[in-house]
Structures are given as C-alpha cells and as structure tokens.
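S.K.: below: sequence and its predicted model.
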Amino acid sequence: MFTLAVSGGLIIAIGALGPGIAIGLIGAKAMEAIGRNPEATGRIVPNMILAMAFAESIAIYSLIFAFLR
Amino acid sequence: MPSQGPETLFSVSGFHLTNTLLATLLVDIVIVVLVLLVRRRLSLSPGKLQAAVESVVEYLRETTERVAGGRTPLIFPWVAVFFIYIAMSNLIGLLPGFGTVGFRRPEGFVPLLHVSTADLNVTLALAVVSVVATNVIAIRTVGLGTYLKRFFALNPLLLFVGLLELLQELTKFVTFSFRLFGNISAGEAVLGTMSSILAFVVPVPFLGFEILVALIQGLVFALLTMAFMTMLTEPHHKEE
C-alpha cells in the first residue's frame, strides 16, 4: 500500500487560482486607469496595493490550510 | 537547500538564541547606524545618502497624508516604522552570507543568520503590534463609546455587520503575519531551489524579483496598517 500526499499541494494550488486571477485583474485595471490619467498615479498605486492585499488574503487562508493539512 | 524556520544557535538558561533573533538585532543595528549617520551630516544640500532617505520618508509621508488627512501625525510614525523595518530586514536577508554561513551540527546544517521576516514568530509579533496599536489609537481618538458602536448595535442587520467587523479584527492577526511570512519564506525556497539547479546565472532574475517583493511586502504591511488605522479613527462613521 502507498499513501498519496498531494492534499497540501492541491489546497494551495486550487486556493491560489482565484486570488491569482484577481490580482491580475486588479493590476490590469490599475494600469488602464494610470494610462487614462497619469496624474492620478499617486492615488491609484496605494489603492491598487491594498486591493491586491485583500485578494491575497484569500490565498493566505489556503496557505494556512496547506500547512495544517 | 536553505533551512526552514528559526534554528536555535545556543540556549542560555531556557532562553533560546535563534538565528532570526540575531538577524533582527543586525537589522536594528543597521537602522540605528543609518539614522545616526544621516543625522550627523544633515545639510540643506543633501548628499546621496540623505537624498535617498529623504525621498523614502517623503513618499511615505505624502501617501499617508493623501489617505489619512488630518490624522497624519498620529498614523505616519507607525507606517514609517513598519515599512523601514520590514523592507530593511527583507533586503538585508538577500545579502550573501544569510543562510549560507553557519555550523555543521549532528542534526544538520545550522546557518548563523536567517531572514527574520521568514520566521512566523517575528511576523506574528509585528501583526500583534499593528492590530493592537490600531485599536488603541482608535479608542483614544474616537472614544470608547463610538469605538464599540462599530461592533455592537441594536439593529439586527448592523449587529451582523458589526460581528463581521469583529471577526475581521481577529483574522487580521492571521492575514498580516502569514502574508509576510509566506511571501518571504516562499521567496527563500524559490531562490534555494534555483540555486540548487544551477548556482550561476539562473538565480539572478529571481534575485531581482525578490528585491521587488521585499520592498512591496514592506509597503503592503505599512499601507494596510495605515488604511486600517484611518478606517478605525474615522470621527463619526455612518449611523443608521
């Protein structure tokens, strides 16, 4: 008999999928906004990083579950 | 392959001196020396060092002012401290010698220095400082009554929202600490893996990426602290 130890990898792989897409979209939209209005860069970048951090925290939950599995 | 987590170098009567503690002290010394150097040669026509330090502080100050407005004097010191400490710690951890110079022990290789932010104890401590400071500042500025009204209300819908906010306060400990820990230790693992594939040229692009990650993680921690402090010190948030 053998046991397959993929659960941790699967948890973080699936769990990081959504936040990965989200961070990509946030970055794309922020670049679009900067392209439209370059003067607003200073306002957009902190908010972009904040939104990315919130999206990222979903991935952090799955990282914890991957550690705890 | 780099080692994972903090290792005890030696113990003095139950107190474990770990390699991440040593790295933390090193970062502290570097920051203090940098401050003293800049302060001693303060001039109106800044040299390279002073200009660099000034631009970092100015950027943080401007960003804080844009978000926090009148509460900048209260919030800016926390933002600056978190950014400077975390970014400095991450950057110093990328220097050669970290994780590679150490002792051989029966249980394996023990490095003398290990990036302090790749240790969950350090990042959890930073998270606790950030969250507790945020709530203490909030109580001091808006008063206990307004502060509690944010979490508890008689209206059932607002009570539910308040409970969610309370839950968010608790999960902040987890997200703050694991974000930093996860990013930095994952970066370390990637660099280690790449170096074990081929020790020359291959890790270089990843090293560049890690420098970016080091700065961005410091900025993320500082900006999140700033945003939460600004949110919780809002003088009177919307009532029903």
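M.R.: Good, I have the coordinates. Bear in mind that the values here come from a model prediction, so they are computed numbers and not experimental data.

S.K.: would you map the strands across chain B?
M.R.: Assigned strands in chain B, in chain order: B:8-12, B:15-18, B:102-105, B:108-111 (criterion: DSSP state E).

S.K.: pairing partners for the first one, with directions?
M.R.: With DSSP bridges as the test, strand B:8-12 is paired with strand B:15-18 (antiparallel).

S.K.: residue 17: neighbour count?
M.R.: Going with chain A. 12 (other Cβ atoms under 10 Å in any protein chain shown). No exception for glycine: its C-beta is placed from N, CA and C like everyone else's.

S.K.: can you look at chain B instead?
M.R.: Neighbours around B:Leu17, by other Cβ under 10 Å: 12.

S.K.: enumerate every residue touching it.
M.R.: Contact analysis of B:Leu17 by Cβ atoms under 8 Å, 6 or more residues apart in numbering or on different chains lists B:Thr8, B:Leu9, B:Phe10, B:Ser11.

S.K.: drop anything exposed from those residues.
M.R.: Among the contacts of B:Leu17, the ones that count as buried by 16 or more other Cβ atoms under 10 Å in any protein chain shown are B:Leu9.

S.K.: just flag the most distant two among the contacts of B:Leu17.
M.R.: B:Leu9 and B:Ser11 (8.6 Å; Cβ to Cβ).

S.K.: starting at the chain centroid, how far to the top helix by length along chain A?
M.R.: In chain A, assigned by DSSP state H, the helix with the most residues is helix A:41-68. On the basis of Cα atoms, centre = their mean, to the nearest Å, helix A:41-68 sits 5 Å off its chain's mean C-alpha point.

S.K.: so, low pLDDT: which residues of chain B?
M.R.: Along chain B, segments meeting pLDDT under 70 span B:1-5, B:236-240.

S.K.: which parts of it sit against chain A?
M.R.: Contacts of chain B with chain A, taken as Cβ under 8 Å from any Cβ of the partner chain, map to B:62-63, B:66-67, B:171, B:174-175, B:178-179, B:182, B:216, B:219-220, B:223-224, B:227.

S.K.: give me the buried subset of those residues.
M.R.: For the residues of chain B next to chain A, buried by 16+ other Cβ under 10 Å: B:Thr63, B:Val67, B:Thr175, B:Phe178, B:Arg179, B:Gly182, B:Ile216, B:Leu219, B:Val220, B:Leu223, B:Leu224, B:Ala227.

S.K.: dump the residue contacts of the second one.
M.R.: B:Val67 makes contacts with A:Pro46, B:Met226, B:Ala227, B:Thr230, as judged by Cβ under 8 Å, 6+ apart.
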